[in-house]
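1. Predicted coordinates and the sequence they were generated for:
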Amino acid sequence: KQLWRYDPEVTRFAGRKLRAGAGIRGLAYSKGRLYVGTHDGRLLALDAKKGTLVWGIEALRGDNSSFISGPPRIFGDKIALGFGDTGTARGAVDVYSLEDGKFLWRWDTEGGGGTVWNAITYDQELGLLFVGTGNARGEEPNPQACSVVALNAMTGKQAWAYDESPEGKHACESSTDITLATLTLDGQPRKVILHA
């Protein structure tokens, strides 16, 4: 039985963004609210019982080719959101307050592309947000493209980055899901990232 339906009316707002991407890949839940990014670039908080809008913000600004495709990721009292792009916009992750959608911080790649269109994972013990970036775009070098990047979850400062394709940053993606695990290696437990 359907309990409710909410239509964000993406076609009214999306403009040329509808020509790119393939829609969103999921949503997030916390404390009675559902959080979802819309393809046209908004982040919405909905009452999970009623389906009514609690708050909504414009996460992506301007009529460019960037769009939201990955699910937002909740960590503590914050929510992280990445985006996709068919042009040369720099990849980025924005973090907002779960309570009211207030912008808290942003991390950008250092060149065109490297968008974070799916993979975001949080490690509470280390206080790190791990993001997987897409391919580089344009002529500008992008050292974080096709990489797994670790960010300080409180500030957004980059802790480290692992380049998964040093020889071909324009023809790869590192945006598949990131899974955290503890494996026994050489007889000792070790925290690892599993990433295809």
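-> Received it, and whenever you're ready, just let me know what you need. Numbering: from 1, shown residues only.
2. Identify the bridge partners of Phe67.
-> Gly84 (DSSP bridges).
3. Pretty sure it sits against Ala59.
-> No: using CB atoms under 8 Å, Phe67 is not in contact with Ala59, being 10.5 Å away. Every C-beta, even on glycine, is put in place using the N, C-alpha and C of the backbone.
4. Show me which of these two is the more surrounded one.
-> Higher neighbour count among Phe67 and Ala59: Phe67, with 28 against 22, using other CB atoms under 10 Å.
5. who's in contact with that one?
-> Ala14, Lys17, Ala20, Gly21, His39, Asp40, Gly41, Leu60, Phe83, Gly84, Asp85 (CB atoms under 8 Å, 6 or more residues apart in numbering).
6. Please look at the first one and Arg42 and confirm they touch.
-> Spelled out, it's Ala14. No: the criterion here is CB under 8 Å, and Ala14 misses it with Arg42 at 9.9 Å.
7. hmm, who's touching the lengthiest strand in the chain?
-> The longest strand of the chain (DSSP state E) is strand 103-112. With contact meaning CB under 8 Å, 6+ apart, strand 103-112 is reached by 57, 78, 88-97, 131, 133, 136-145, 149, 151, 155-158.
8. Inside helices: which ones of those residues?
-> Using DSSP state H, no member of these sits in helices.
9. Filter the residues you listed down to the buried ones.
-> The neighbour count (16 or more other CB atoms under 10 Å) marks 57, 78, 88-96, 131, 133, 136-137, 142-145, 149, 151, 156, 158 as buried among the contacts of strand 103-112.
10. what's the first-to-last distance across stretch 102-120?
-> Terminal residues of stretch 102-120 are spaced 20 Å apart (CA to CA, to the nearest Å).
11. In that stretch, which residues are buried?
-> Applying 16+ other CB under 10 Å to stretch 102-120 flags 105, 107, 109, 111-120 as buried.
12. thinking again about what came up before, please narrow the buried ones among the contacts of strand 103-112 to those residing in strands.
-> 57, 78, 90-96, 131, 149, 151, 158.
13. For this protein, give me the ranges with low pLDDT.
-> Scanning the chain for pLDDT under 70 picks out 15-20, 22, 61-64.
14. so is Leu194 in a helix, a strand, or just coil?
-> Here Leu194 is strand, with the state taken from DSSP: H, G, I helix; E, B strand; the rest coil.
15. That one: how many residues sit nearby?
-> Neighbours of Leu194 (other CB under 10 Å): 10.
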